[in-house]
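Let's see this in three dimensions:
(chains A and B)
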Amino acid sequence: MSGVVGWRARLLSDTPASGREAALGRLYRGWLQFKANRLALVGLVIVLGLVVVALLAPWLVTHDPYRQNLAQRLLPPGAMGHLLGTDEFGRDILSRVIIGARVTLYIVALVALIAAPIGLIVGTAAGYLGGAVDAVLMRLTDVFLAFPSLILALAFVAALGPGIENAVIAIALTSWPPYARIARAETLTVRKSDFIAAAQIQGAGTARILFRHVMPLCISSLTVRVTLDMAGIILTAAGLGFLGLGAQPPMAEWGAMVSAGRRYILDQWWVATIPGLAIFVVSLAFNLLGDGLRDVLDPRQAR
Amino acid sequence: MALAAGGLGDGRAARGASRLASFALQVTLTLLGLLAVTFFIGRVVPIDPVLAVVGDQAPRDVYEAVRRELGLDQPLWTQFAIYVGQVLRGDFGTSLVTNRPVTEDIARVFPATLELATLATIIGVALGVPMGIAGAVWQDRWPDQIVRVIGLVGYSVPIFWLGIVGLLVFYGILGWVEGPGRLGVFFEGIVDDVTGVILIDSALAGEWEVFRNALGHVILPSAVLGYFSVAYIARMTRSFMLEQLSQEYVVTARAKGMSEARVVWVHAMRNIAVQLVTVIALSYARLLEGAVLTETVFAWPGLGRYLTTALLAADMNAVLGGTIVVGLVFVGINLLSDLLYKLLDPRAR
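Just a heads-up that it's a prediction; the model follows:
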């Protein structure tokens, strides 16, 4: 017990003994602030739950999510051991929603991993190099921002052909511009700092300065923005799936499941509404988490 | 003195002209970039656009002829120049599905989308602005919590799902509204097409039965779409209002004994009006995006549905034409709101 108290005191102390302790203390204070926001905590729990469900999906499902059983099609929730009923091919909806968590997480993670670095590189390069490079890169960013993202993603998918990988590429290609803007703004504030000048005098090259000195400073505001965008990415991906341009059948993608269940909405409401509810809950959770992170990491933006 | 004043005037005119020129250049560059993106998507990304036209069974000479016809034997720059020329003339090519010029098709479907988006925006403003103000005035109290929840849900709910649930509840269970589509079968063809907006056309013709039916059809999709506007407009109004209410002139007004309603609705409102106009314009543009999904759910014959139908048929001319039109509207509205901001707000001059 006293050990725990001792740790808390050391983490919150104004006179940390080492650099690492100071960093940990900052992290701990951030956590305390984050924890005070109950809604953000709910968001975190749901997002962690999504990750756990996605990881353990094959062991959590009660039925094979792809096995068709036409004798048991369109069963209502609770009937014959199907907790959330069955779809038009007699597949267990709960199992398909669980497997669908994997698809959603896969799309979101991949889009973030592609789009954030693109935005980071474009934005820091534009901000640090300035001049013509800045003008050209920012014009390019503006052009991409000139389209509503779903429409542009639709056009990309139309050219690339439907499919989950192409949907990821299309969404990533449309979602990097805001990251570039943020990274550029952050870069502009540190570009003339003494530590950058010191690095330049020591002979550090442009790439080294960008990767080692500028980019780390952009990470926290970028993280907030990416987390806030996760909900948007999920909705766009689900929208593409709903239109039949994302994941293809029989893959258990939530948007595509809603689309398939649409035909039965008036008589078998559960087929379309349950996967849609899953999209809603997960995107709500990411919004709550993002808001909470913003309050901690980027207080200027908090409203 | 007179000379100096004249010089000053000239300087201002010159500055105005150069600002206008740089503005025009910026717009031109953005539009060129827009076309470059659609050109890239249409000509560069597909593995072979010729195959999309002739199919993979075509003999060599047919393939070559089509390739020349599409201008694909030209260098990329020349192709782009030709493409820009075509678009400037309003020529997006012929749709593979309808076999008509894409421009004609878009002109036919656009009023339906306009009708939906306009009604949605009206709903968004009528509910969003008062809600945002209520949230700011009673910050952190229950009205604020409700406004926040509505906003949060608006940002998180998949619009196509909301539409489907809306259909289930209000059409399937309660029967308060009409089903998918724009007009019941019995009401089609009664009213002449004047503006393309059925609500206006039927009112002009005095066909109130048709008007009522059309209203029953449009109310649910525009409410679903409008919910997004409500969420966005309420959130922005709230933050603008909060900023104003912490200003000193508000304290002064209150100290003078001015009623709270007057402080909020007259003094603060005047200061957020311009920002609000920009937000409303932007939300109008964003509705175009939501319209694609909403129109699919409600079988609404607008631009969004035209786009998705074309997509599923791999009709690239129609897809790119639609994309350009949406992009143009988006850019146009953004510019307009920028201009309005500069015109109306002395602080931005």
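
how about the residues of the stretch 151-300 of chain A near chain B?
A:151-152, A:154-160, A:231, A:235, A:238-239, A:242-245, A:255, A:258-259, A:262, A:265-266, A:269, A:272-273, A:276-277, A:279-280, A:283-284, A:286-288 (Cβ under 8 Å from any Cβ of the partner chain). Glycine gets a C-beta too; all of them are placed from N, C-alpha and C.

Among those residues, which lie within helices?
Using DSSP state H, the subset of these located in helices is A:151-152, A:154-160, A:231, A:235, A:238-239, A:242, A:255, A:258-259, A:272-273, A:276-277, A:279-280, A:283-284, A:286-288.

Pull out the buried members of the residues you listed.
A:151-152, A:154-160, A:231, A:235, A:238-239, A:242, A:255, A:258-259, A:272-273, A:276-277, A:279-280, A:283-284, A:286-288 (16 or more other Cβ atoms under 10 Å in any protein chain shown).

low pLDDT regions in the chain?
If you meant another chain, say so; for now it's chain A. A:1-5, A:298-303 (pLDDT under 70).

could you do chain B instead?
B:1-12, B:44-56, B:185, B:189, B:346-349.

Let me see the domain layout of it.
Following automatic domain parsing, chain B resolves into domains at B:2-88, B:102-348.

Please identify the most buried of those domains.
domain B:102-348 (a mean of 19; mean count of other Cβ atoms under 10 Å in any protein chain shown).

Show me how far that one is from its chain's centre.
Put simply, domain B:102-348 sits 9 Å off its chain's centre (Cα atoms, centre = their mean, to the nearest Å).

what do you get for stretch A:134-143?
25 Å.

That one and chain B in contact?
Yes: counting by Cβ under 8 Å from any Cβ, chain B has neighbours in stretch A:134-143: A:139, A:140, A:142, A:143.

Quick one: buried ones out of those?
Buried among the residues of stretch A:134-143 next to chain B by 16+ other Cβ under 10 Å: A:140, A:142, A:143.

ok, the residue in the stretch 151-300 of chain A that chain B sits nearest to - contacts?
Using Cβ to the nearest Cβ, the single residue of the stretch 151-300 of chain A nearest to chain B is residue A:276, 3.2 Å away. Residues in contact with residue A:276, defined by Cβ atoms under 8 Å, 6 or more residues apart in numbering or on different chains, are A:254, A:258, B:158, B:160, B:161, B:164, B:165.

Same question for residue B:338.
residue B:278.

which SSE is it in?
Assigned by DSSP states H and E, residue B:338 belongs to helix B:316-344.

tally of neighbours for residue A:172?
23 (other Cβ atoms under 10 Å in any protein chain shown).

Can you say which helix or strand has the spatially closest residue to it that is not a sequence neighbour in it?
Nearest residue to residue A:172, sequence neighbours excluded (Cβ to Cβ, 6 or more residues apart in numbering or on different chains): residue A:114, at 3.9 Å. According to DSSP H and E, residue A:114 maps onto helix A:93-129.

From the contact counts, what lies against that helix?
helix A:38-60, helix A:131-145, helix A:164-175, helix A:177-190, helix A:215-242, helix A:254-261, helix A:270-297 (3 or more Cβ pairs under 8 Å, 6 or more residues apart in numbering or on different chains; DSSP states H and E).

most packed of those?
helix A:254-261 (a mean of 26).

Show me what that helix packs onto, helices and strands only.
Against helix A:254-261 (3+ Cβ pairs under 8 Å, 6+ apart) you get helix A:93-129, helix A:215-242, helix A:270-297, helix B:159-166.

among the ones you listed, which is nearest residue B:317?
helix A:215-242 (21.1 Å; Cβ to Cβ).

How far off centre is that closest one?
4 Å.

So which residue is dead centre in the chain?
This is for chain A. residue A:230 (3.0 Å; Cα atoms, centre = their mean).

The chain in question should be chain B.
residue B:285 (2.6 Å).

Assumed that residue was part of a helix.
Yes: with DSSP: H, G, I helix; E, B strand; the rest coil as the criterion, residue B:285 is located in a helix.

Need the nearest residue in space to it, chain neighbours excluded.
residue B:333 (4.2 Å).

which residues sit in contact with the one you found?
B:281, B:282, B:284, B:285.

Next: residue A:208.
Listed by Cβ under 8 Å, 6+ apart, the contact partners of residue A:208 are residue A:199.

got it, and the one 3 residues further on?
The contact partners of residue A:211, by Cβ under 8 Å, 6+ apart, come to none.

Can you tell me the SS state at it?
On the three-state scheme (three-state DSSP), residue A:211 is labelled helix.

ok, now how distant is it from residue A:124?
9 Å (Cβ to Cβ, to the nearest Å).

same thing with residue A:182?
Taken as Cβ to Cβ, the span from residue A:182 to residue A:124 is 10 Å.

which residues do the two both contact?
residue A:218.

Residue B:272 is in contact with residue B:240, correct?
Yes: taking contacts as Cβ atoms under 8 Å, residue B:240 lies within contact range of residue B:272: 4.1 Å.

In contact with the closest residue to chain B within the stretch 1-150 of chain A, which residues?
Per Cβ to the nearest Cβ, residue A:143 is where the stretch 1-150 of chain A lies closest to chain B, at 3.2 Å. Going by Cβ under 8 Å, 6+ apart, residue A:143 touches B:30, B:33, B:34, B:36, B:37.

Which elements pack onto the helix or strand hosting the first one?
Of the helices and strands defined by DSSP H and E, residue B:30 is found in helix B:2-39. Packed against helix B:2-39 by the contact rule (3+ Cβ pairs under 8 Å, 6+ apart) you find helix A:131-145, helix B:76-88, helix B:316-344.

Redo those helices as a markdown table? Include distance to residue B:174.
Below are the helices and strands packed on helix B:2-39 laid out as a markdown table (distance: least, Cβ to Cβ, whole Å):
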| stretch | distance to residue B:174 |
| --- | --- |
| helix A:131-145 | 41 |
| helix B:76-88 | 46 |
| helix B:316-344 | 34 |
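
Buried ones in the strand or helix carrying residue A:25, by neighbour count?
Using DSSP H and E, residue A:25 maps to helix A:19-35. By neighbour count on 16+ other Cβ under 10 Å, the buried set for helix A:19-35 is A:25, A:34.

Which residues of the stretch 1-150 of chain B lie near chain A?
Counting by Cβ under 8 Å from any Cβ, the stretch 1-150 of chain B sits next to chain A at B:29, B:30, B:33, B:34, B:36, B:37, B:38, B:41, B:42, B:45, B:46.
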